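K.L.:
Provide a 3D model corresponding to the input given below.
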Amino acid sequence: MELNAHNVLTEHDVAAKRLAELGNGTRLAIIRYLVNEGPEGVPVGQVQKALGVPPSTLSHHIARLMSAGLLRQERNSRTLYCHAEVSAIDSLASYIRSACLSAEAV
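P.N.:
Residues are numbered from 1 along each chain as shown. Next up, the predicted model:
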């Protein structure tokens, strides 16, 4: 994510980055799948199998979602789990409601 002149990411910058990453159909499908599977997370292999995405492609998309703060990974023994960052998704939805849909934003 890019920094503004004061080397600080604004809420607008973060929202733009997250929306850009969710603008890709595969990344949106990953987040949707993880949210629907629940907070305990899903093994990477299960995500790959459920969505039919080649492993290297999935890895690329996971990295992009992690860089936007929309996904985190956690290792449990030999299994790598993916978790949707629901608080980040909620924050993005809130930003859209308050900043983009208000009369003051026009």
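
K.L.:
who touches the residue sitting nearest the centre point of the chain in this structure?
P.N.:
Among the residues of the chain, the one closest to the centroid is L70, at 2.5 Å (C-alpha atoms, centre = their mean). Applying C-beta atoms under 8 Å, 6 or more residues apart in numbering, we find L70 in contact with R18, E21, L22, I31, A84, E85, A88, I89. Placement of C-beta: from N, CA and C, glycine included.

K.L.:
ok, so what distance separates the last one from S67?
P.N.:
Look at I89 and S67: by C-beta to C-beta, to the nearest Å, they are 15 Å apart.

K.L.:
More neighbours: which of these two?
P.N.:
Neighbour count, other C-beta atoms under 10 Å: between I89 and S67, I89 has more, with 18 against 12.

K.L.:
Before we go further, the more buried one is sitting in a helix, right?
P.N.:
Yes - under DSSP: H, G, I helix; E, B strand; the rest coil, I89 sits within a helix.

K.L.:
Is it in contact with I31, as I believe?
P.N.:
Yes - between I89 and I31 there is a contact at 7.1 Å, judged by C-beta atoms under 8 Å.

K.L.:
Helices of this structure, start to end?
P.N.:
Using DSSP state H, the helices found in the chain span residues 11-22, 25-37, 44-51, 55-67, 86-95.
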